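Enquirer: Give me coordinates for this.
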Amino acid sequence: FTMTPDPGYGIEDVRVDDQSVGTPASYTFENIRANHSIHVSFKREVRVEDVDIPNVTMKIGDVVKASLTVSDDLGLAYELVSGSIGGYALEDFVRISATSYEANFVIREGGTSYNASQDIPVSDLVISFEDIQSRAYNKPIVQGNDPIDAAYPEISSMRVEGGDKKIGEEVVLTILAEGRGYSADPQSTINEIPLSAPNESFSDEGNGNYRISYRIEDGDKDVVPPLSELQVSLVLVKPSGNVGQPYSLVSNASELSIDANAPVVLRMEVSSVEVGVGGIAKLTLTADGPGYTPGEETAINGVPLSSPRLSFTELLGGLYEFSYTVAPEDDPVAPGMLEASVVLYDPAGNLGGPFLELGANQLEIYTDLPLATFADPPEVCEGEEAQITVLLSGRPPWNFVLNDGTENTSFTGITSASYQLSISPHQSSTFYIT
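Expert: Here you go, the predicted structure:
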């Protein structure tokens with residue numbers, strides 16, 4: 001005899017000759033010599049047959065859908081009595097079909113975490129129809145890629161490589177966290193600059209050690225302990241996707257200073273004067289701060305800073321002055337056409353410039369030396385008077401001194417390149433012009 005229950009039912013008892021023989025699916029009478037009886041009773045059966053979850057990584061806040069295969073509910077929905085997966089309570093029990101149901105569980109911080117290779121336990125899963133309950137289902141879920149991560153990343157410490165840093169130099173932060181394989185949220189900031197910026201990088205150094213490199217660029221925020229310290233907001237992200245809280249404590253932040261702003265010349269000025277050989281032209285700089293020094297690239301009218309004829313003085317409160325002494329070999333400069341190229345360094349070594357723009361001016365530099373010669377000087381006898389022509393070159397007006405061997409006579413304010421004067425020597429004399 002074979003006992004086959006209808007869907008949704010199971011064998012409750014098999015009685016042979018009014019004696020229970022358990023719940024076999026079949027029974028055979030052998031060596032029959034008399035009449036026998038067999039009686040089978042059936043009962044409504046509620047049973048969980050299998051439980052499945054997605055074979056993927058699960059993190060805090062994820063709502064995970066569990067699929068349940070159950071005995072046929074005969075169109076009358078089961079209810080969830082109890083059950084958890086991985087220690088997370090099942091809820092939102094929904095009928096999909098007569099043999100398929102779904103329930104959800106939520107990964108919560110502080111719950112149990114599982115590696116991908118670990119089995120995930122199903123505990124005390126019971127469903128019911130009216131007063132009929134299933135046996136508790138406790139078979140683990142065995143899959144190879146379903147880790148559960150119920151913890152946020154945590155940073156243990158963060159330090160910075162100390163020193164005085166300037167534009168172009170690297171600031172290095174070392175971070176120790178409690179786990180491996182973390183990344184940094186790109187919106188983390190170092191010195192108020194996003195970690196996603198091209199001058200910042202994050203690397204995993206292994207064993208929970210991480211490194212941030214930040215290259216200082218012109219215009220970044222200065223760091224001047226104790227008035228200000230390096231500002232950091234670091235958010236770590238685990239491979240599961242769990243995002244940690246911003247971490248900002250740099251244990252030795254006071255050991256780092258940053259000068260991220262190169263010197264800026266606000267104004268360069270010269271006086272509107274005429275300067276000749278031996279004269280001094282003064283160039284005044286107004287800069288954005290004190291303590292600057294000129295770089296060797298600085299030059300005025302082609303005269304480099306290395307020349308003893310070009311000197312630099314810091315005056316007060318961001319005001320500086322160059323003094324340039326004109327020499328015969330220098331180029332003449334038409335009014336308002338002086339060329340200057342100024343490079344400044346701040347105390348950190350940041351270079352600013354070259355600054356080229358001079359304020360409007362009429363400064364003129366002339367380098368032709370004055371020259372005076374006699375034009376075909378005549379011979380003059382004692383007591384006679386003669387006209388002598390003095391030829392002048394260079395830049396007018398001219399001044400010269402005539403010496404007759406005994407006394408000097410000065411001539412000033414001469415504007416003509418050919419100047420005549422009268423002489424009447426009383427004795428033999430040789431005339432000189434200076």
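Enquirer: hey, let's count contacts and neighbours off CA atoms from now on
Expert: OK.
Enquirer: Check the spacing between residue 318 and residue 176 real quick.
Expert: 44 Å (CA to CA, to the nearest Å).
Enquirer: Between these two, point out the one with more neighbours.
Expert: residue 176 (19 against 16; other CA atoms under 10 Å).
Enquirer: Kindly state the beta-bridge partners for that one.
Expert: Taking DSSP bridges as the rule, residue 176 bridges to residue 157, residue 209.
Enquirer: Which parts of the stretch 151-300 of the chain are helices?
Expert: With DSSP state H, counting those that start in this stretch, there are no helices along the stretch 151-300 of the chain.
Enquirer: residue ranges with poor pLDDT in it?
Expert: The model of the stretch 151-300 of the chain has no residue with pLDDT under 70.
Enquirer: for the stretch 301-434 of the chain, same thing?
Expert: In the stretch 301-434 of the chain, residues with pLDDT under 70: 377-378, 380-384, 427-428.
Enquirer: now the strands for it?
Expert: Applying DSSP state E, counting those that start in this stretch to the stretch 301-434 of the chain gives strands spanning 303-304, 310-316, 319-325, 340-345, 351-355, 364-365, 371-374, 386-393, 398-403, 408-414, 418-423, 432-433.
Enquirer: Direction included, what does the fourth one pair up with?
Expert: What it means is strand 340-345. strand 293-294 (antiparallel), strand 299-300 (antiparallel), strand 351-355 (antiparallel).
Enquirer: Pull the distance from the first one to the chain's centre.
Expert: Centroid displacement of strand 293-294 relative to its chain, using CA atoms, centre = their mean, to the nearest Å, is 29 Å.
Enquirer: Repeat that for stretch 50-68.
Expert: Worked out by CA atoms, centre = their mean, stretch 50-68 lies 38 Å from the chain centre.
Enquirer: List the buried residues of it.
Expert: 50-53, 57-60, 64-68 (16 or more other CA atoms under 10 Å).
Enquirer: Secondary structure for the residues you listed - can I get that in CSV?
Expert: Listed next are the buried residues of stretch 50-68 as CSV, based on DSSP: H, G, I helix; E, B strand; the rest coil:
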residue, secondary structure
50, strand
51, strand
52, strand
53, coil
57, coil
58, strand
59, coil
60, coil
64, strand
65, strand
66, strand
67, strand
68, strand
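Enquirer: quick revisit: how about the strands paired with strand 340-345, which one is nearest residue 254?
Expert: Set against residue 254 and scored by CA to CA, these come closest in strand 351-355, at 25.0 Å.
Enquirer: Output that closest one in PDB with nothing but the alpha carbons.
Expert: The C-alpha trace of strand 351-355 is given here as PDB (Å, rounded to 0.1, in the frame of the first residue of the first chain):
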ATOM      1  CA  LEU A 351      59.000  82.700  -5.100                       C
ATOM      2  CA  GLY A 352      56.800  85.400  -6.400                       C
ATOM      3  CA  GLY A 353      57.100  87.000  -9.800                       C
ATOM      4  CA  PRO A 354      58.600  88.100 -12.000                       C
ATOM      5  CA  PHE A 355      56.800  91.400 -11.600                       C
END
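Enquirer: Contacts for it, please.
Expert: 262, 263, 264, 265, 298, 340, 341, 342, 343, 344, 345 (CA atoms under 8 Å, 6 or more residues apart in numbering).
Enquirer: Now for residue 180, how many residues are close by?
Expert: With other CA under 10 Å as criterion, residue 180 counts 17.
Enquirer: The closest residue to it other than its chain neighbours: neighbour count?
Expert: Take residue 180 and drop its neighbours on the chain: the residue closest to it by CA to CA, 6 or more residues apart in numbering is residue 208, 4.7 Å away. When neighbours are defined as other CA under 10 Å, residue 208 has 16 of them.
Enquirer: Pretty sure residue 178 is one of the things residue 208 touches, is it not?
Expert: Yes. Applying CA atoms under 8 Å, one finds residue 208 in contact with residue 178, separated by 5.9 Å.
Enquirer: could I get the contacts of strand 351-355 as CSV with neighbour count and distance to residue 367?
Expert: Putting the contacts of strand 351-355 into CSV (neighbours: other CA atoms under 10 Å; distance: CA to CA, whole Å) gives the following:
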residue, neighbour count, distance to residue 367
262, 22, 36
263, 23, 33
264, 20, 32
265, 22, 29
298, 20, 22
340, 18, 18
341, 17, 21
342, 22, 23
343, 21, 26
344, 24, 29
345, 18, 32
